[in-house]
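Colleague: my questions concern the predicted model and sequence given below.
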Amino acid sequence: MLDCSLMPGKRKRLPSVFIFFISQILHLPKSRPFRKVSRNQLNMSQHLFFYLGMSFLMMHEMDAIRCREWRIFPGLSYLKDQWGFPIFLFAHIPLFYWIFAELASSQTEGFIRGWNYFFLIHLGLHLLFLFHPKNEFKDWISWSIIGGAALCGALDLLLS
């Protein structure tokens with residue numbers, strides 16, 4: 001029987017039959033075998049700063065909606081908000097799908113290196129458009145996210 005604490009100070013035992021049914025429903029093994037570390041887990045530990053930088057970039061894309069980045073984006077800047085916003089928003093679906101698919105593939109080193117360089121180029125582009133009349137990336141939150149991605153890209157390039 002399994003000892004389960006339901007309330008502090010009071011203990012109740014679950015019958016073995018319940019444990020059996022729960023393990024059958026959840027397909028739990030009776031013992032925990034040695035778990036192999038997958039290639040992706042190794043890759044994440046080797047490129048911690050890249051994955052942190054990618055997290056910053058995804059946060060930036062959320063912030064870009066708030067700051068209406070399509071208004072300063074070449075090509076989309078000519079569109080009214082009623083067209084620029086949905087195009088900018090839905091263009092990120094295939095972009096993120098491509099990123100996740102590439103990270104799940106077996107050859108990621110070149111992809112990761114390319115994105116690390118992009119994090120730095122992205123910071124440069126935001127500095128280039130800093131004084132654009134429709135630029136709304138003015139607060140410390142936006143610049144912490146943009147700078148955080150660039151810093152993580154630089155660190156991953158230096159450390160890997």
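Modeller: Looks like it arrived, so ask away.
Colleague: what's next to stretch 121-134, contact-wise?
Modeller: 57, 68, 71-72, 77, 135, 137, 146-147, 149-150 (CB atoms under 8 Å, 6 or more residues apart in numbering). (C-beta placed from N, C-alpha, C; glycine too.)
Colleague: looking at those residues, which one is closest to Y51?
Modeller: L57 (10.5 Å; CB to CB).
Colleague: so the closest one is in which element?
Modeller: helix 48-66 (DSSP states H and E).
Colleague: lowest-confidence helix or strand of this protein?
Modeller: strand 2-7 (a mean of 46; mean pLDDT, DSSP states H and E).
Colleague: point me to the residue sitting closest to the centre of this protein.
Modeller: S55 (3.7 Å; CA atoms, centre = their mean).
Colleague: what is the neighbour count of E69?
Modeller: 24 (other CB atoms under 10 Å).
Colleague: residue contacts, it?
Modeller: By CB under 8 Å, 6+ apart, the contact list for E69 reads 88, 137.
Colleague: from I146, how far off is it?
Modeller: 11 Å (CB to CB, to the nearest Å).
Colleague: cool, H92 as well?
Modeller: Distance, H92 to I146, using CB to CB: 16 Å.
Colleague: more neighbours: the two, which one.
Modeller: More crowded of H92 and I146, by other CB under 10 Å: I146, with 23 against 15.
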